[in-house]
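Trainee: With the input below, show me the fold.
(one chain, ligands or ions: 4)
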Amino acid sequence: MNQQKFLTVCLIIIFFLTFPTAILAVEQNETVYLTQVHITTQWQIQKLKFWGITIIHQALDFVTLQVSEEQLETLAQKQYMPYHTISFSPQRVAALASGAIISIDDADTDGDGLTDEEESWWNTNPNNPDTDSDSFTDGDEVAKVRLILAGEATTTQFKHIFPPFLTLPPELDIDMDYLPDQAERFAIGTSANSESTDGDKYDDGQELFGRSPIDYGQWGGDMPASVLSPGNNVFVAAYPNIHVEAKTDTIRIEILEEITTAHGIIEEQTTGIETTVTRGSSTTTGSAETHTYSEWNEAHNTQSEL
Ligand SMILES: [Ca+2]
Ligand SMILES: [Ca+2]
Ligand SMILES: [Ca+2]
Ligand SMILES: [Ca+2]
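Mentor: Ligands and ions are numbered 1, 2, ... in the order given. Predicted coordinates:
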């Protein structure tokens, strides 16, 4: 029995030991999730309690939790990166209450470190430990995703093995960012309704997997190497997302100095010879401002992709 499977077994045993009191706190019609999160500080424990999450078991560096669907999403969004997650439907809870017992096969059939529940989120095969046959198990690949999210590895190191799934049907990826929406909600913590959680022009799949299929979404292809860390993180925009809002009742125009110049008209002629054809796009991300009338300085920032 490998370590991950052992932990999953422990999780289920712990659940049974605490079952009577744990379930009392759950609405009868609500799906119950058991999950684990790594803990490095006591402050994180306090936050879990603040969110009303039931702590079933506390080990040295992780805790086992009973959460609702909403709480599971909160854990993912707050980058607690929940793992070894198992759901218990109201029917299953009722079966457990009657004394039925589940086996380890119910949690991780192929023993790859991802529970069957998690495999349904990632669109991997719960009966095949290596869905895409690249010699990295589904659990290994998702573990590497977690390393990237934790800032302990870079996408560049693992982009050659991603993604863990073979295909991603459109109905499993509503926002078309090449990340399965359920994995976004319950494991990654990115938005399942926005292809770019950080608001930049690169979709979540590009930033996490290092690439997404061309024409898959609005954008696509390899994540440009010119975007340096942390801008290539799904939660950090590759450039400032500038938003300017003018409120009409707060605008004041005031003449500070009146200038008279003898050269009121500027004439300019530009000529050029085109020798190559360049196709691409250019996005101005800064602002143009003229500060001094004597030198006509202009400050601007331009980001180009050719
Ligand atoms: Ca599995
Ligand atoms: Ca694989
Ligand atoms: Ca998605
Ligand atoms: Ca993005």
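Trainee: ok and the residue in the stretch 51-200 of the chain nearest ligand 4?
Mentor: Proximity of the stretch 51-200 of the chain to ligand 4 (CB to the ion) peaks at Ser196, 3.5 Å away. Glycine gets a C-beta too; all of them are placed from N, C-alpha and C.
Trainee: so that residue touches Leu208, yeah?
Mentor: No: the pair Ser196 and Leu208 does not pass the contact test of CB atoms under 8 Å, sitting 11.3 Å apart.
Trainee: Between those two, which is the more surrounded one?
Mentor: Shown here are Ser196 and Leu208; by other CB atoms under 10 Å, Leu208 has more neighbours (28 against 24).
Trainee: Helices of the stretch 1-150 of the chain, residue ranges please.
Mentor: Using DSSP state H, counting those that start in this stretch, the helices found in the stretch 1-150 of the chain span residues 3-24, 42-50, 69-77, 90-97, 116-122, 138-149.
Trainee: other SSEs contacting the third one?
Mentor: Helix 69-77 is packed against strand 32-38, strand 62-67, with contacts defined by 3 or more CB pairs under 8 Å, 6 or more residues apart in numbering; DSSP states H and E.
Trainee: which residue sits closest to the closest residue to ligand 1 within the stretch 201-306 of the chain, ignoring its sequence neighbours?
Mentor: Taking CB to the ion as the measure, the point where the stretch 201-306 of the chain comes nearest ligand 1 is Phe209, at 20.0 Å. What sits nearest to Phe209 in space, not counting adjacent residues and going by CB to CB, 6 or more residues apart in numbering, is Phe162, at 3.9 Å.
Trainee: what's the neighbour count on that neighbour?
Mentor: Per other CB under 10 Å, the neighbour tally for Phe162 reads 22.
Trainee: Helix, strand or coil: sort out it for me.
Mentor: Secondary structure, DSSP: H, G, I helix; E, B strand; the rest coil: Phe162 is coil.
Trainee: That one and Asp134, how far apart?
Mentor: Distance of Phe162 to Asp134, computed by CB to CB, to the nearest Å: 9 Å.
Trainee: Run through the residues that contact the residue of the stretch 201-306 of the chain found nearest ligand 2.
Mentor: Residue of the stretch 201-306 of the chain nearest ligand 2, by CB to the ion: Phe209 (12.7 Å). By CB atoms under 8 Å, 6 or more residues apart in numbering, Phe209 lies in contact with 155, 159, 162-163, 178-179.
Trainee: One more pass at 10 Å, please.
Mentor: Contacts for Phe209 (CB atoms under 10 Å, 6 or more residues apart in numbering) come out as 141, 145, 148, 155, 158-159, 161-164, 177-179, 222-223.
Trainee: what does Phe136 give?
Mentor: When contacts are counted by CB under 10 Å, 6+ apart, Phe136 touches 112, 129-130, 142-144, 158, 160-162, 164.
Trainee: Of those, keep whichever come out buried.
Mentor: 112, 129-130, 142-144, 158, 161-162, 164 (16 or more other CB atoms under 10 Å).
Trainee: out of the contacts of Phe136, who's nearest His57?
Mentor: Nearest to His57 among the contacts of Phe136, counting by CB to CB, is Ala143 at 21.5 Å.
Trainee: Would you check that that closest one makes contact with Tyr83?
Mentor: Yes: between Ala143 and Tyr83 there is a contact under CB atoms under 10 Å: 8.5 Å.
Trainee: these two touch, right, the residue of the stretch 51-200 of the chain closest to ligand 4 and Val236?
Mentor: No: using CB under 10 Å, Ser196 is not in contact with Val236; the gap is 11.4 Å.
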